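Q: this one's sequence-less:
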Ligand code: NDP
């Protein structure tokens with residue numbers, strides 16, 4: 001039997017309906033809308049598309065959203081000053097600075113300047129630390145979305161062997177922390193891991209976030225596993241694919257997220273959720 005598809009578009013739609021309703025309640029009660037400020041520096045075409053999608057998603061659920069575009073000649077101090085202003089702007093519950101930033105700007109310094117209570121991307125060390133000690137405030141959007149996908153299929157996480165392939169600060173590491181908090185036994189693999197299949201074949205839950213197209217094939221997956229594919233890669237023919245070879249994996253897995261239409265839509269949805277939660281905390 002082929003794996004069930006965990007559809008990120010359908011799940012996102014359901015969650016965005018819930019976000020719209022909760023937004024309407026805040027607006028009715030306080031006369032204000034949750035606000036998100038999105039900042040982009042430079043002309044990177046992919047980033048331009050991402051920020052437009054984020055702002056559109058905000059409008060669709062009833063948020064107030066501003067998009068500030070700056071040329072890649074912007075000086076770091078000017079960006080930091082603008083973030084500090086937004087930290088004190090009560091109409092903005094969330095601040096998002098689109099990455100990557102131009103090389104002359106220290107991204108770490110920028111992310112640390114965002115007030116933790118407005119850090120809806122969950123990248124500030126205060127939020128990373130809170131997650132590490134098991135008391136998350138803002139969870140990075142992509143792993144947060146992956147956990148919602150797991151919840152949606154009712155697969156028992158407690159006691160499961162979970163393997164996360166990829167250990168970045170924005171996906172792999174926070175994902176591992178969330179799985180650990182949910183009671184899984186977690187293994188994190190990276191590019192130096194020896195004999196990767198020996199780990200992946202032991203996974204009841206396999207999360208892959210490496211940026212290596214189709215690197216996980218069906219023969220590396222335990223029969224009956226849940227496979228969450230975070231990767232987004234563009235092939236030479238222009239098509240998108242994940243880090244998992246979908247065709248061979250779906251013959252073995254219990255359920256699997258497709259690319260596109262899996263984790264991608266969930267990431268923006270969880271950005272909306274974090275912004276809503278920031279607004280609910282403030283009001
Ligand atoms: P990074 O490049 O920051 O991290 C990649 C991680 O994968 C590193 O930890 C690296 O190991 C590990 N890795 C690389 N090659 C291998 C290998 N052969 N075997 C095992 N581990 C390996 O990537 P991101 O975490 O930012 O993104 C990963 C993927 O997810 C990308 O395709 C990206 O486009 C996608 N993505 C998708 C999102 C979505 O919304 N769906 C959001 C964010 C990212 P090491 O630490 O040793 O270098």
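A: Great, that's in hand. Just so you know, these numbers come straight off a predicted model, no measurement behind them. Residues are numbered from 1 along each chain as shown.

Q: show me what contacts the residue of the stretch 1-150 of the chain found nearest the ligand?
A: Per Cβ to the nearest ligand atom, residue 142 is where the stretch 1-150 of the chain lies closest to the ligand, at 4.2 Å. For every residue, glycine as well, the C-beta is placed using N, CA and C. Residue 142 makes contact with 170-171, 175, 209, 230, 263, 266-267, 270 under the criterion Cβ atoms under 8 Å, 6 or more residues apart in numbering.

Q: what are the boundaries of the strands in the protein?
A: 4-5, 35-41, 64-70, 94-97, 161-165, 185-189, 205-208, 226-229, 233-234, 240-241, 255-256 (DSSP state E).

Q: mean confidence score for the second one?
A: Put plainly, it is strand 35-41. Averaging pLDDT along strand 35-41 gives 98.

Q: before we move on, back to that, let me have the strands of the chain in JSON lines, adding distance to residue 49 and mean neighbour count as columns.
A: Putting the strands of the chain into JSON lines (distance: least, Cβ to Cβ, whole Å; neighbours: other Cβ atoms under 10 Å) gives the following:
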{"stretch": "strand 4-5", "distance to residue 49": "25", "mean neighbour count": "14"}
{"stretch": "strand 35-41", "distance to residue 49": "11", "mean neighbour count": "23"}
{"stretch": "strand 64-70", "distance to residue 49": "12", "mean neighbour count": "16"}
{"stretch": "strand 94-97", "distance to residue 49": "15", "mean neighbour count": "25"}
{"stretch": "strand 161-165", "distance to residue 49": "27", "mean neighbour count": "26"}
{"stretch": "strand 185-189", "distance to residue 49": "30", "mean neighbour count": "18"}
{"stretch": "strand 205-208", "distance to residue 49": "23", "mean neighbour count": "28"}
{"stretch": "strand 226-229", "distance to residue 49": "21", "mean neighbour count": "27"}
{"stretch": "strand 233-234", "distance to residue 49": "12", "mean neighbour count": "14"}
{"stretch": "strand 240-241", "distance to residue 49": "13", "mean neighbour count": "17"}
{"stretch": "strand 255-256", "distance to residue 49": "26", "mean neighbour count": "22"}
